[in-house]
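Q: Provided below for reference: sequence and predicted model.
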Amino acid sequence: MKISTYFLALLCPVILLSSCKKNTDEVTADTKSTFSIEFENQVNGSPLVLNTTSYKNAKGEDFKINVFKYYVSNIKLSKADGTTYLIPESYFLIDASKAESTNITLKDVPTGDYTKIEYTIGVDYARNFAGAQTGALDPINGMFWTWNSGYIFVKLEGTSPQSAATGNALTFHIGGVTDPNNTIRTFTTEINAANPLRVRTDGKPNMHFIVNAAALFTGKTDISFSTLYFTMGGANSVIVANNYANGLFRLDHIHN
């Protein structure tokens, strides 16, 4: 009897400690939290360095990048059970010349495990015709065509010896929302179910995407700068948008 009492005395603290141990996988209903997304700009696996570093396109032609900006908007998360959450007012302008813009924060997101993310590369149709706007959509950011009443979704400017433009300039301003020259594209990627995006009240996970600027020039169509070095909407912008639709973004990893 004394031995049983002794073991019971030892066991009780263990039970108490176990019941108090925090379960990091626990999701509290109707709670919200925050996560972030980092966009690492590269060119075919090498860091994107503006103005100075030379790269090669799929045709083997040299080029440099002076400006690289793009919109990410209408971010939607999905769970394994098929439920989705569209993050309201999720419009972000990523500018390679501004390091702070490459890490965005998403707030008030319902807690849970998300196994898919999708977003618009650019700006949706309605916002292209919504008049004067602020924040990422402010025309002061240099991503709005006042003459064409719409946003530039992806902007890449640089130089290439193959370009026949003045100063060997490259000008790729991709935009347009009406057929047959609609360049709105959606990026979607599944998230490894073994390591989903775990949004919790006690943690702020980070998603890390690789962004390949060279994707504008290869994919469905390998572009030569000797024939295409300037586009501001229209059929040539559709060619570029079809290239980067699947090759611009790649989910590299998640820190939960």
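A: Alright, I've got the coordinates.

Q: isn't residue 245 up against residue 121?
A: Yes: using CB atoms under 8 Å, residue 245 is in contact with residue 121, at 7.2 Å. For every residue, glycine as well, the C-beta is placed using N, CA and C.

Q: looking at these two, which is more packed in?
A: residue 121 (21 against 18; other CB atoms under 10 Å).

Q: which residues does that one contact?
A: 70-72, 153-154, 184-187, 241, 244-245, 248-249 (CB atoms under 8 Å, 6 or more residues apart in numbering).

Q: could those go into JSON lines alongside pLDDT, distance to residue 87 and secondary structure?
A: Below are the contacts of residue 121 laid out as JSON lines (pLDDT from 0 to 100; distance: CB to CB, whole Å; DSSP: H, G, I helix; E, B strand; the rest coil):
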{"residue": "70", "pLDDT": "98", "distance to residue 87": "18", "secondary structure": "strand"}
{"residue": "71", "pLDDT": "98", "distance to residue 87": "14", "secondary structure": "strand"}
{"residue": "72", "pLDDT": "98", "distance to residue 87": "11", "secondary structure": "strand"}
{"residue": "153", "pLDDT": "98", "distance to residue 87": "19", "secondary structure": "strand"}
{"residue": "154", "pLDDT": "98", "distance to residue 87": "21", "secondary structure": "strand"}
{"residue": "184", "pLDDT": "98", "distance to residue 87": "18", "secondary structure": "coil"}
{"residue": "185", "pLDDT": "98", "distance to residue 87": "18", "secondary structure": "strand"}
{"residue": "186", "pLDDT": "98", "distance to residue 87": "15", "secondary structure": "strand"}
{"residue": "187", "pLDDT": "98", "distance to residue 87": "15", "secondary structure": "strand"}
{"residue": "241", "pLDDT": "98", "distance to residue 87": "23", "secondary structure": "helix"}
{"residue": "244", "pLDDT": "98", "distance to residue 87": "22", "secondary structure": "helix"}
{"residue": "245", "pLDDT": "97", "distance to residue 87": "21", "secondary structure": "helix"}
{"residue": "248", "pLDDT": "98", "distance to residue 87": "20", "secondary structure": "coil"}
{"residue": "249", "pLDDT": "98", "distance to residue 87": "17", "secondary structure": "strand"}
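
Q: where do the contact lists of residue 245 and residue 121 overlap?
A: 185-187.

Q: what subset of the residues you listed is buried?
A: For the shared contacts of residue 245 and residue 121, a neighbour count by 16 or more other CB atoms under 10 Å gives the buried set as 185, 187.

Q: out of the shared contacts of residue 245 and residue 121, who's nearest residue 202?
A: Comparing those against residue 202 with CB to CB places residue 187 closest, at 29.5 Å.

Q: cool, thanks, talk later.
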